[in-house]
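In: Sequence and computational prediction follow.
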Amino acid sequence: MTDQPGDIELINGCIKDDRKAQEQLYKRFYGPMTSICLRYTRNEEDAIEVLHNAFLKVYKKIGTYDTGKASLYTWIRKIVVNTAIDFIRQRNRFSVVELEKAEDPRIDEDAIQRLSTQELLRLVQQLSPATQTVFNLYVVEGYNHREIAKLVGISEGTSKWHLSEARRQLQILLQSLQV
């Protein structure tokens, strides 16, 4: 997403604590950012809490947004993902498992294709919070294990274990659905 016409005015309004500008910004990004929050949380209530905390950070930091570095969407998305990770850290501890090489269970791609987005989201939400977070960061956000380790404060081996565990658990869940 590139910046839309009027973004500068909207950003300037938010910098000035203009409630209308803040409301417009919130409404514009509510849908896509809520989807991101739902991927990292276990339920809609937690997702909305993460979303609101993220937008508070957006409003506080909007003056630091640099239009030359990233689109407004990308900048807000990064804040939302980091807020979700903070939320998970506060609520749950990441289990520390050291592995140099994690197993790589295979997930039936055809089974995944037959699931709706909502069904797949519900399966991912059944993973433990730490495993769900690593899965989302690796599979959805495109981070590598080194970046994930740094972001959430675990080792690369632990990140690999959580990804392997996510795949293993999803494989079991898919089989139980007989998809």
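Out: Yep, that arrived. Numbers count the residues shown, from 1 in each chain.
In: what's the neighbour count on G142?
Out: When neighbours are defined as other CB atoms under 10 Å, G142 has 8 of them. For glycine as for every other residue, the C-beta is placed from the backbone atoms N, C-alpha and C.
In: Could you report the pLDDT at D3?
Out: D3 is assigned a predicted lDDT (pLDDT) of 58.
In: whoops, R89 was the one
Out: For R89, the model assigns a pLDDT of 85.
In: Okay, and it sits in which element?
Out: helix 72-91 (DSSP states H and E).
In: so N136 touches C37, yeah?
Out: No. Applying CB atoms under 8 Å as the test, N136 and C37 come out as separate, 10.7 Å apart.
In: Settle it for me: which of those two has more neighbours?
Out: C37 (24 against 21).
In: so how far is L174 from the nearest residue to the more buried one once chain neighbours are set aside?
Out: Closest residue to C37 apart from its sequence neighbours, by CB to CB, 6 or more residues apart in numbering: A47 at 3.8 Å. Separation of A47 from L174 (CB to CB, to the nearest Å): 23 Å.
In: what does S116 give?
Out: 13 Å.
In: what are the ranges of the helices in the chain?
Out: Using DSSP state H, the helices of the chain run over 7-15, 19-40, 44-61, 72-91, 109-113, 117-125, 129-135, 145-152, 156-177.
In: Where do the domain boundaries of the protein fall?
Out: Residue ranges for the domains of the chain, per automatic domain parsing: 7-91, 109-177.
In: Pick out the shakiest of these, pLDDT-wise.
Out: domain 109-177 (a mean of 86).
In: and it, how far from the chain's centre?
Out: Averaging C-alpha positions (CA atoms, centre = their mean, to the nearest Å) puts domain 109-177 11 Å from its chain's average.
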